[in-house]
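S.K.: I'd like to go over a predicted model; first the sequence, then the structure.
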Amino acid sequence: MSSPKLTLNNLSYSMPLLGFGAYLNDGASISEALKAGYRHIDTAQMYQNEADVGEAVKNSNLNREDIFISELSDSASSVPWLRYRVIDS
């Protein structure tokens, strides 16, 4: 599966438009998503599954730079789209 990408000009990243939401998903589900071709994992600190995401990426045998991870952080910002960050490594 290949997804069109959007270049984030302010961050110099290319983000796949189709992402796998990690909410209520464990490491096995995230691993299956990576096997199926997803290269964008969308997660949040409040899901408390960072370790599952990390293990799935580590065990995927994919190059880390080929996987785009976005996370909604628990910052003080009241505007949700300002609270997203890209996980670099």
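M.R.: Done, it's in.
S.K.: Can you show me the helices along the protein?
M.R.: Assigned by DSSP state H, the chain shows helices spanning 27-36, 50-59.
S.K.: To residue 3, which of those helices lies closest?
M.R.: Closest to residue 3 of the helices of the chain, according to CB to CB: helix 27-36, at 11.4 Å. Where you see a C-beta, it was placed from the backbone N, CA and C, and this is true even at glycine.
S.K.: The closest one to helix 50-59, inter-axis angle?
M.R.: Interaxial angle of helix 27-36 relative to helix 50-59 (axes from the mean of the first three to the mean of the last three CA atoms, to 10 degrees): 40 degrees.
S.K.: mean confidence score for helix 27-36?
M.R.: Mean pLDDT, helix 27-36: 96.
S.K.: Enumerate the positions of it that are buried.
M.R.: For helix 27-36, burial by neighbour count (16 or more other CB atoms under 10 Å) applies to 27, 30, 31, 33, 34.
S.K.: Closest one to residue 55 out of the residues you listed, please.
M.R.: Of all the buried residues of helix 27-36, residue 55 sits closest to residue 27, with 5.0 Å by CB to CB.
S.K.: How about the contacts made by the closest one?
M.R.: Contact analysis of residue 27 by CB atoms under 8 Å, 6 or more residues apart in numbering lists 49, 51, 52, 53, 55, 56.
S.K.: Please pick the buried ones from those residues.
M.R.: Buried among those by 16+ other CB under 10 Å: 49, 52, 53, 55, 56.
S.K.: From the chain's centroid, how far away is stretch 31-51?
M.R.: 5 Å (CA atoms, centre = their mean, to the nearest Å).
S.K.: same check, this time on stretch 12-32
M.R.: Distance, stretch centre to chain centre, for stretch 12-32: 5 Å (CA atoms, centre = their mean).
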